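Asker: Here is a sequence together with a model predicted from it:
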Amino acid sequence: MKTLVMGAGAIGSVFGGFLSNSQDVTLIGRVSYISAIRKKGLRVSGIWGEHLFKNLKAFTSADECREISPYDLILMTTKSYDTEYATMQILPLIGNNSIVVSVQNGIGNEETIAKIVGKERTMGGMAIFGAMMMEPGHVKVTVYASECLFGTISGGIKRAKTVAEIIAKSGIPSLPTDDIIREKWMKVFYNIALNPLSAILKVRYGVLGKYDETRSIMRGMLQEAFEVAEAEKIGLKFTCEDYFERLIERQLPPTADHISSMLQDLERGKRTEVDFINGAIVRMGKRHNIETPVNETIVNIIKALGKMHGASAP
């Protein structure tokens, strides 16, 4: 199977590296990163061991991949604000039986991809592990909470089972699901509560569960998000209070040492994905006439911090 990772950052590199043990893998990423991989290979370290992957093709643009396309499996691991552009770039690399899988944070990526490549070729994926870019060509797996999940958005689970099985065999625990949108909302709740607040306070995730004040802010963001999700008819399995208890007792402990992606982005002067996480709740809240003051405040603080750190704005 020929696999393309579009947007080879930390998470995409982990998928690409492990898959390269048994698949024909191509990475597309930034010039400095791809140059390092071409020279030294891709190093993945951390809790899943020390690995050096050299059996990879690495390019800086989709145009360079045309001669070896079409790809059977395309993992979209770009930032959410780049999804539409990246999908247009990979369109010439897609064949009749290709699958494009969004393994991204935030809400709405699958819908964006489906509008371009078709629902029948679109899947959603959830990475339930964390990784950090240590230097060009080297990523570190820092935390692992649960199996990755994969599912179609057009019904049926057969293709999801195939993708999950391939990725699981590569060494990344993975399972299929028959409702990936609902499952991705569960990860969005996790990101809503932890990602921006840890960036604002410059702390690891575990710190946020220790104080009444931070718990109160997290609960406020989640209450708004759950109200919006209900208006969107997501079909949630439990209440906000049930989820908050689950977050504190089950999800935080294994990811306590994680450094949020928003904090990493801010420190590097990069744009964050807050518009596609907390910002998505604010937008959908307005559509349903639901007030979201806590999330709106958090979004404004993250955007202000971004400007202070010199991040580019949309």
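Answerer: Sure, I can see it. Residues are numbered from 1 along each chain as shown.

Asker: what about residue 187, how many residues close to it?
Answerer: By other Cβ atoms under 10 Å, the residues close to residue 187 number 19. Where you see a C-beta, it was placed from the backbone N, CA and C, and this is true even at glycine.

Asker: isn't there a helix covering it?
Answerer: Yes: using DSSP: H, G, I helix; E, B strand; the rest coil, the assignment for residue 187 is a helix.

Asker: I'd like the numbering to begin with 38 instead of 1 from here.
Answerer: OK, 38 is where the count begins now, so the last one is residue 224.

Asker: Contact partners for it?
Answerer: Contact analysis of residue 224 by Cβ atoms under 8 Å, 6 or more residues apart in numbering lists 142, 163, 165.

Asker: which of those count as buried?
Answerer: Neighbour counting over the contacts of residue 224 (16 or more other Cβ atoms under 10 Å) leaves 142, 163, 165 as the buried ones.

Asker: isn't residue 251 right up against residue 234?
Answerer: Yes: using Cβ atoms under 8 Å, residue 251 is in contact with residue 234, at 6.5 Å.

Asker: Which one of the buried ones among the contacts of residue 224 is nearest to residue 272?
Answerer: Closest approach to residue 272 among the buried ones among the contacts of residue 224 (Cβ to Cβ): residue 163, at 16.5 Å.

Asker: show me what contacts that closest one?
Answerer: 140, 185, 186, 187, 217, 220, 221, 224.

Asker: Dump those residues into CSV; add distance to residue 98 as well.
Answerer: As requested, these are exported to CSV (distance: Cβ to Cβ, whole Å):
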residue, distance to residue 98
140, 20
185, 27
186, 30
187, 27
217, 29
220, 32
221, 28
224, 30
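
Asker: Which of the residues you listed fall in strands?
Answerer: Among those, DSSP state E puts 185, 186, 187 in strands.

Asker: Return the member of the residues you listed nearest to residue 52.
Answerer: Distances from residue 52 to the ones in strands among the contacts of residue 163, taken by Cβ to Cβ, are shortest for residue 185, at 8.7 Å.

Asker: Beta-bridge partners for the closest one, please?
Answerer: residue 211 (DSSP bridges).

Asker: Would you quantify the distance from it to residue 166?
Answerer: 7 Å (Cβ to Cβ, to the nearest Å).

Asker: Can you work out which residues contact both of these two?
Answerer: Shared contacts of residue 185 and residue 166 (Cβ under 8 Å, 6+ apart): residue 209.

Asker: Looking at the contacts of residue 224, which are in strands?
Answerer: Using DSSP E, those in strands are residue 163.

Asker: can you map out the strands along the chain?
Answerer: Under DSSP E, the chain gives strands at 39-43, 61-65, 79-83, 88-90, 94-96, 108-113, 131-139, 159-163, 166-172, 175-181, 185-189, 211-213.

Asker: related to what we said a few turns ago, and of the buried ones among the contacts of residue 224, the nearest to residue 196?
Answerer: For the buried ones among the contacts of residue 224, the nearest to residue 196 is residue 163 (15.9 Å; Cβ to Cβ).

Asker: With adjacent residues omitted, what lies nearest to the closest one?
Answerer: residue 186 (4.4 Å; Cβ to Cβ, 6 or more residues apart in numbering).

Asker: Residue 134: neighbour count?
Answerer: Neighbours of residue 134 (other Cβ under 10 Å): 10.

Asker: low pLDDT regions in the chain?
Answerer: 348-351 (pLDDT under 70).

Asker: Backbone dihedrals for the residue nearest the centre of it, both of them.
Answerer: The centroid of the chain falls nearest to residue 141 when counting by Cα atoms, centre = their mean (2.7 Å). Per-residue torsions, residue 141: phi -130, psi 160 (degrees, to the nearest 10).

Asker: Tell me how many other residues crowd the closest residue to residue 203 other than its chain neighbours.
Answerer: Nearest non-adjacent residue to residue 203, counting by Cβ to Cβ, 6+ apart: residue 38, 6.7 Å away. Neighbour count for residue 38, taken as other Cβ under 10 Å: 13.

Asker: No more questions from me, cheers.
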